[in-house]
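In: From the sequence below, what's the structure:
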Amino acid sequence: MEHSLPDALIVAALAALWGTHLYFKHRERQQRLEFIHQERLAAMDKGIPLPELPIEPRTRTSPDPRAMLLHGIAWTALGSGGVVAMYLIPNSMPIWPAALPLVFLGVGLILYYAVGRRTR
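Out: Numbers count the residues shown, from 1 in each chain. Reported below is the predicted structural model:
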């Protein structure tokens, strides 16, 4: 399978879009830090003491205990659908086992959830 010029243009456009997004995200963060710096300098000039602020406060949330189960169900369903779809494709070569790793990944995540739940 050869790649054509339109394929290359699509990839280049997606890469440019991703790079532009990262640039503007970085620029917004820099502007926000500059604004905070200017405010703090103005407050220090007036003699107002300011506590140290973290650059980006992060809130700690406990992970959802059902996340592994939900991921396992989704991967199992995706893999099973892939197996069925590939089995129904009329082809001289059987390709349906190609989606089995997704099924096994999902079943493994479900088992991980079950074992982890029993230990708690």
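In: quick one: the residue nearest to the spatial centre of the chain and residue 78, what's the gap?
Out: By Cα atoms, centre = their mean, the chain has its centre lying nearest to residue 71, at 13.2 Å. Residue 71 sits 10 Å away from residue 78, going by Cβ to Cβ, to the nearest Å. To be clear about C-beta, it is placed using only N, CA and C from the backbone, and glycine gets the same treatment.
In: so what sits against both of the two?
Out: Each of residue 106 lies in contact with both residue 71 and residue 78 under the rule Cβ atoms under 8 Å, 6 or more residues apart in numbering.
In: mind showing which ranges of the protein have poor pLDDT?
Out: 1, 51, 53-58, 120 (pLDDT under 70).
In: how about the helices in it?
Out: Along the chain, the segments classed as helices by DSSP state H run 5-45, 67-88, 100-119.
In: How about residues contacting the shortest one?
Out: By that I understand helix 100-119. So helix 100-119 is contacted by 65-66, 68-69, 71-80, 82-83 (Cβ under 8 Å, 6+ apart).
In: Check the second one too.
Out: Contacts with helix 67-88, where a contact means Cβ under 8 Å, 6+ apart, come from 95-113, 116.
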